[in-house]
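1. structure of the sequence below:
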Amino acid sequence: MNITGGCLCGAVRYSVSAPPIVTRVCWCRVCQYIGAGSGTVNVCFPSAALEVRGELREYSRLADSGNPMQRRFCPLCGTHLFSGTTARPHLMFVRAGTLDQPDLARPAMTIWTSSAPSWACFDERIPQVERQPPPAA
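-> Purely as a prediction, here's the structure:
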């Protein structure tokens, strides 16, 4: 399996040599900032399966879950591509919108619904969790 993607301007490209572990829609407050008001759709992969070409910048912050999160983005166009935590270095989360084939990543659950605005739309066909669920792997 070879999954590919990249940023809006094309300066950063990546490939993943493993299938997704899980995909989640996240409505935590940080994801709302990244998603310009919406939640983000994040695809979990094994970190070792990810290969990145191009320069990235990083922003670190404590997440609502209490985990220290590192978010990586293209310094040219600002596209957020990846996030990870030192609490689970074997996992990397890829923003589904950066995949060349975003249909590959159907969400399995919506998380941090307690932080979502009153107008947020949830897919009633998938489980909803008010805060942080157990780790993906």
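2. dump the residue contacts of the spatially most central residue of the chain.
-> Nearest to the mean C-alpha position of the chain, by C-alpha atoms, centre = their mean, lies N42 at 3.0 Å. Contacts were defined as C-beta atoms under 8 Å, 6 or more residues apart in numbering; by that measure N42 touches 23-26, 31, 83, 93-96. Heads up, the C-betas are built off the backbone N, CA and C, glycines and all.
3. surely it is in a helix?
-> No: the assignment for N42 by DSSP: H, G, I helix; E, B strand; the rest coil gives strand, which leaves it out of any helix.
4. could you export the contacts of N42 as JSON lines, including secondary structure and neighbour count?
-> Compiled in JSON lines, those are given as follows (DSSP: H, G, I helix; E, B strand; the rest coil; neighbours: other C-beta atoms under 10 Å):
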{"residue": "T23", "secondary structure": "strand", "neighbour count": "20"}
{"residue": "R24", "secondary structure": "strand", "neighbour count": "25"}
{"residue": "V25", "secondary structure": "strand", "neighbour count": "25"}
{"residue": "C26", "secondary structure": "strand", "neighbour count": "27"}
{"residue": "C31", "secondary structure": "helix", "neighbour count": "25"}
{"residue": "S83", "secondary structure": "strand", "neighbour count": "24"}
{"residue": "F93", "secondary structure": "strand", "neighbour count": "26"}
{"residue": "V94", "secondary structure": "strand", "neighbour count": "25"}
{"residue": "R95", "secondary structure": "strand", "neighbour count": "25"}
{"residue": "A96", "secondary structure": "helix", "neighbour count": "22"}
